[in-house]
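Colleague: Fold the following.
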Amino acid sequence: GTSGIAIDEGWDMKILPLEDGGAIAGWVGTGVGMLMRYDASGNEAWDAPLEVSSPVSSNPFASVGELALLPDGSFIALIHTKGTSWSVNSFLWAQRFDGNGNAVWANPIQISSQTTMSNRRYPVLQDGDVTYLGYHGSTGNRFDSFLQRINPDGTLPWGIDGAAFSTDD
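Modeller: Alright, predicted model coming up:
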């Protein structure tokens, strides 16, 4: 509609366009990431927003990062886990969801042991059902660049941090 979609108490919005004209929206809620699917008319396709919690107690706060659509209609949501709600320092995790918002993998997978930034945008590229993520991670007092490959079954063939793309500060 002309007024768009209103999301209560949400910020740091991520949008994943869908092939049917709808979209999946991700945003930061109160200590958790939130996801909602909308149809092509802007109507909510799920009964309620999906809460995405942190999978680790040492970083209990979560926010939704980039989203990647897979050919079967499922999607991968990157999850930033943080020690406090206001911190931008985070660790990257991922979970695959089906089109109805159900988790596909038994547990989220940690895709980086490097400190990342939850307020940054990271490039995502799809090659069929394989997802590639470019990101920078903190190594001591500097940021290095990495490329991560996420297979559709949640395996990381390049290891937890992916391939070191550049370690020149």
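Colleague: Give me the helices and strands touching the worst-scoring helix or strand of the chain on mean pLDDT, please.
Modeller: In the chain, the helix or strand scored least confidently by mean pLDDT, DSSP states H and E is strand 163-166, which has a mean of 80. Judged by 3 or more Cβ pairs under 8 Å, 6 or more residues apart in numbering; DSSP states H and E, the packing partners of strand 163-166 are strand 142-150. C-beta here means a position set from N, CA and C on the backbone, and glycine is covered the same way.
Colleague: who's in contact with the strand it packs on?
Modeller: With contact meaning Cβ atoms under 8 Å, 6 or more residues apart in numbering, strand 142-150 is reached by 76, 94, 109, 111-112, 114, 130-138, 156-158, 161-169.
Colleague: mind running it again at 6 Å?
Modeller: Residues outside strand 142-150 that contact it (Cβ atoms under 6 Å, 6 or more residues apart in numbering): 94, 111, 131-137, 157-158, 161-167, 169.
Colleague: again, but for stretch 40-60
Modeller: 1, 5, 21-22, 32-37, 39, 62, 64, 79, 81-83, 93, 101, 108.
Colleague: out of those residues, which are buried?
Modeller: 22, 32-37, 62, 64, 79, 81-82, 93, 101, 108 (16 or more other Cβ atoms under 10 Å).
Colleague: Going through those, which one is the model least confident about?
Modeller: On pLDDT alone, Val32 ranks lowest of those, at 90.
Colleague: Which strand residues bridge the most centrally placed residue in the chain?
Modeller: Central residue of the chain (Cα atoms, centre = their mean): Leu78, 1.9 Å from the mean position. Residues in a beta bridge with Leu78, per DSSP bridges, are Ala94.
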